[in-house]
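1. show me the folded form of this:
(one chain, ligands or ions: 1)
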Amino acid sequence: MKAFTPVVLISAAALAAILALSVCAQQAPNANREPGPQISVDGYTYTQAQLFQRNIGGPDEQTTQFPPHKIVGNLYYVGTASLASFLVVTPQGNILIDSTYEGNVPVIQKSVEQLGFKFSDTKILLGSHAHGDHMEGDALVKQLTGAQVMAMAEDVPALENMKPGGKSHPIDRVLHDGDEVKLGGMTLVAHLTPGHTRGCTTWTMKVRDGGKSYDVVIIGSMGVNPGVKLVNNPDVPGIADEFTRGFKVMRSLPCDVPLGSHPAMYRMQEKYAKLKQGGPNPFIDPAGYKVEMDIDEAMFHAVLKQQQKSVSGSAAPANPTP
Ligand SMILES: [Zn+2]
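-> Sure thing, here's the model as predicted:
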């Protein structure tokens, strides 16, 4: 882990903003001091910081294997307690969605093998969005499996800056909104749902189980991380409009089985506990998808409103841009 570190002059505030933008599973430095606005939806109440924390979990949850399990049909969970990784199994090899942190790749491999599959059968690696807690392990997965790595065009610049241990980020196919990824009779569709990152990708697929077909939606992320500027964002001036477009897409997707890049987005732990009780498949939860979108959209509007208020309520900016 020793590396030459150039001396860079950077303010603590700028560093906090960079961290919040580059890694959604890293505790934002000021998250505890600034809870952000609070929303209540369908009996759930969160501040912005609490919703962020709900998703990322604690440091242990980010790295501890969650029992690998079948979700529906040929779709399986192989991630940690708070960072999702999904496996689509086909007769022509498998598709993995989200490598998570590089350090978690052996955990994912173990989960795949415990389910009775071979990690080396991973033919395609997809991702939810260009944050380290979801796609940092891509180079290692490719190294171990030879999988083709595919990424949304709008996330490619951020991915090219993601270089664990100096390894360059593999990208074998650049995807665009609506592109299909096909393998062994399965078709996955990449939907550009921007805001959280420029190329944040929500994956959909139809999965058959017990003679029925189910619409699966893997939420890329519609969360506004603490520290992210929705107003006067110098890097992404249109970020609020991008989120709005993202929500419009999310609302248009038919969904029987909601999943997400963080399993808390679909209350995996509650549903996994129900699995053991028998009865209907708890992962089939169209209402849960609507509630999660309501939570995310309410928080987006609350954060936007608060930031607009503080901008209009303040005097001329300290550093007016020409
Ligand atoms: Zn993220």
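
2. contact partners for the nearest residue to Pro164 once chain neighbours are set aside?
-> Nearest-residue entry for Pro164: Glu102, 4.4 Å, with adjacent residues in sequence omitted and distances by C-beta to C-beta, 6 or more residues apart in numbering. For every residue, glycine as well, the C-beta is placed using N, CA and C. With contact set as C-beta atoms under 8 Å, 6 or more residues apart in numbering, Glu102 has these partners: 136-137, 139-140, 164-165.

3. do that again at 10 Å, thanks
-> Counting by C-beta atoms under 10 Å, 6 or more residues apart in numbering, Glu102 touches 132, 135-141, 162, 164-165, 167.

4. got the phi and psi for Val207?
-> The phi/psi pair for Val207 (degrees, to the nearest 10) reads phi -120, psi 130.

5. quick check, it in contact with Ser213.
-> Yes - Val207 is in contact with Ser213 according to C-beta atoms under 10 Å; the separation is 7.3 Å.

6. quick one: which of these two has more around it?
-> Legend: neighbour count by other C-beta atoms under 10 Å for Val207 and Ser213, higher for Val207 (18 against 10).

7. who does that one bridge with?
-> With DSSP bridges as the criterion, Val207 is bridged to Tyr214.

8. mind checking pLDDT for it?
-> In the predicted model, Val207 carries a pLDDT score of 98.

9. what do you get for Ile284?
-> The model's pLDDT for Ile284 equals 98.

10. would you agree it falls within a strand?
-> No - counting by DSSP: H, G, I helix; E, B strand; the rest coil, Ile284 falls outside a strand, being coil.

11. over to it: give its phi and psi.
-> Phi and psi for Ile284, reported as degrees, to the nearest 10, are phi -80, psi 110.

12. residues in contact with it?
-> When the contact criterion is C-beta under 10 Å, 6+ apart, the partners of Ile284 are 71-72, 209, 212, 214, 216, 255-258, 271.

13. just for the protein, where's the confidence low?
-> 1-33, 314-322 (pLDDT under 70).

14. distance of the residue nearest the centre of it from the ion?
-> Note on the chain: the residue nearest the mean C-alpha position is Ser261, at 3.5 Å, using C-alpha atoms, centre = their mean. Applying C-beta to the ion, to the nearest Å, the value for Ser261 to the ion is 7 Å.

15. if we ignore the residues flanking it in sequence, what's nearest that residue?
-> Ser128 (3.9 Å).

16. quick one: the one you found from Leu75, how far?
-> Relative to Leu75, Ser128 is positioned 15 Å away (criterion: C-beta to C-beta, to the nearest Å).

17. who has more neighbours, the two?
-> Set Ser128 next to Leu75 and count neighbours by other C-beta under 10 Å: Ser128 wins out with 31 against 23.

18. I'd say the more buried one and Leu96 touch.
-> No - if you go by C-beta under 10 Å, Ser128 and Leu96 don't touch, sitting 11.7 Å apart.

19. overlap in contacts of those two?
-> When C-beta under 10 Å, 6+ apart defines a contact, the residues bordering Ser128 and Leu96 alike are 85-86.

20. tally of neighbours for the closest residue to Asp177 other than its chain neighbours?
-> Spatial nearest neighbour of Asp177, excluding adjacent residues (C-beta to C-beta, 6+ apart): Leu192 at 3.8 Å. In terms of burial, Leu192 registers 23 neighbours under the definition other C-beta under 10 Å.

21. do Val105 as well
-> Val105 is surrounded by 22 other residues when neighbours are defined as other C-beta under 10 Å.

22. measure it to Ser40 for me?
-> In this structure, Val105 and Ser40 are separated by 38 Å, where distance is defined by C-beta to C-beta.

23. just Ala130 next, same as before
-> When C-beta to C-beta is applied, the distance between Ala130 and Ser40 equals 31 Å.

24. which of those two has more residues huddled nearby?
-> Neighbour tally, Ala130 and Ser40, criterion other C-beta under 10 Å: the higher count belongs to Ala130, 27 against 10.

25. quick one: residues contacting that one.
-> Residues near Ala130 by C-beta under 10 Å, 6+ apart: 22, 136, 151-152, 154-162, 169, 196-201.

26. for it, which three-state class applies?
-> Under the three-state scheme (three-state DSSP), the conformation of Ala130 reads as coil.

27. show me which residues of the stretch 101-250 of the chain sit near the ion.
-> Taking C-beta under 5 Å from the ion as the measure of proximity, the stretch 101-250 of the chain contacts the ion at 131, 221.

28. which residue would be the closest one in the stretch 101-250 of the chain to the ion?
-> His131 (3.5 Å; C-beta to the ion).

29. and that residue, how far from Gly220?
-> From His131 across to Gly220, the span is 10 Å (C-beta to C-beta).

30. mutual contacts of those two, please.
-> By C-beta under 10 Å, 6+ apart, His131 and Gly220 have these common neighbours: 155, 196-197, 200, 261.
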